[in-house]
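[1] whatever this is, show me its structure:
(one chain, ligands or ions: 2)
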Amino acid sequence: MADCIFCKIANGEIPTNLIYEDENVVAFNDLNPQAPVHFLVIPKKHYASLNDIDSKEAFGYIFSAIPKITAKLEIKEYRTVVNTGASAGQTVFHIHVHVMAGRDFGWPAG
Ligand code: 5GP
Ligand code: ZN
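    Ligands and ions are numbered 1, 2, ... in the order given. Now for the predicted structure:
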C-alpha cells in the first residue's frame with residue numbers, strides 16, 4: 001500500500017536490517033526499543049490492523065514465525081503485543097506483533 005512505512009520496509013524500499021524473512025513475513029528491530037530485545041513481525045501483505053486479517057493462514061504465518069525467531073535468538077521468555085486502534089496505542093496502521101524480551105514485564109499492561 002502506498003505511503004505505508006511497513007510496506008516499504010517489507011518490500012525493501014526503505015533499507016532495513018531484517019532479522020527474519022520468509023515468503024510471507026519479515027521481522028526487524030523496533031526503532032524505539034522498549035526492552036533489550038524488541039522486534040516487530042509483520043506480514044508482507046498490507047493489513048491495517050488485526051481487525052482486517054481475513055484468513056487463518058495469515059494469523060498462522062504471522063504468529064508461527066515468532067518461535068522460529070526467538071529460537072534463533074535463544075530467547076525462551078518474551079512478551080508479545082498487538083496494539084489495535086489508536087486508543088490501544090497503534091501508531092502504524094500495518095499490523096505488527098511486538099516481541100520484547102530481556103527484562104521483566106509488568107501485568108496488567110499499561
Ligand atoms: P504501534 O505503536 O503501532 O503498536 O507500534 C509501532 C512501532 O513501530 C513503534 O514501536 C515504533 O517505534 C516502530 N516504528 C515506527 N516507525 C518505524 C521505522 O521506520 N522503523 C522501525 N524499525 N520501527 C518503526
Ligand atoms: Zn502496509
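[2] so residue 69 touches residue 27, yeah?
    Yes. In this structure residue 69 lies within contact range of residue 27 using CB atoms under 8 Å: 5.5 Å. Where you see a C-beta, it was placed from the backbone N, CA and C, and this is true even at glycine.
[3] shared neighbours of these two, which are they?
    19-20, 39, 41, 99 (CB atoms under 8 Å, 6 or more residues apart in numbering).
[4] which parts of the protein sit against ligand 2?
    Applying CB under 5 Å from the ion, we find that the chain lies next to ligand 2 at 1, 4, 6-7, 46, 94.
[5] ranges for the helices of this protein?
    Applying DSSP state H to the chain gives helices spanning 5-10, 56-72.
[6] that older thread, which of the shared contacts of residue 69 and residue 27 sits closest to residue 59?
    Of all the shared contacts of residue 69 and residue 27, residue 59 sits closest to residue 41, with 12.0 Å by CB to CB.
[7] that older thread, quick one, which of the helices of the chain is packed in tightest?
    helix 5-10 (a mean of 19; mean count of other CB atoms under 10 Å).
[8] show me how far that helix is from its chain's centre.
    Averaging C-alpha positions (CA atoms, centre = their mean, to the nearest Å) puts helix 5-10 12 Å from its chain's average.
[9] now tell me what touches it from outside.
    With contacts defined as CB under 8 Å, 6+ apart, helix 5-10 is touched by 1, 13-14, 16, 26, 28, 40, 42-44, 46, 92, 94, 96.
[10] many thanks, have a good one.
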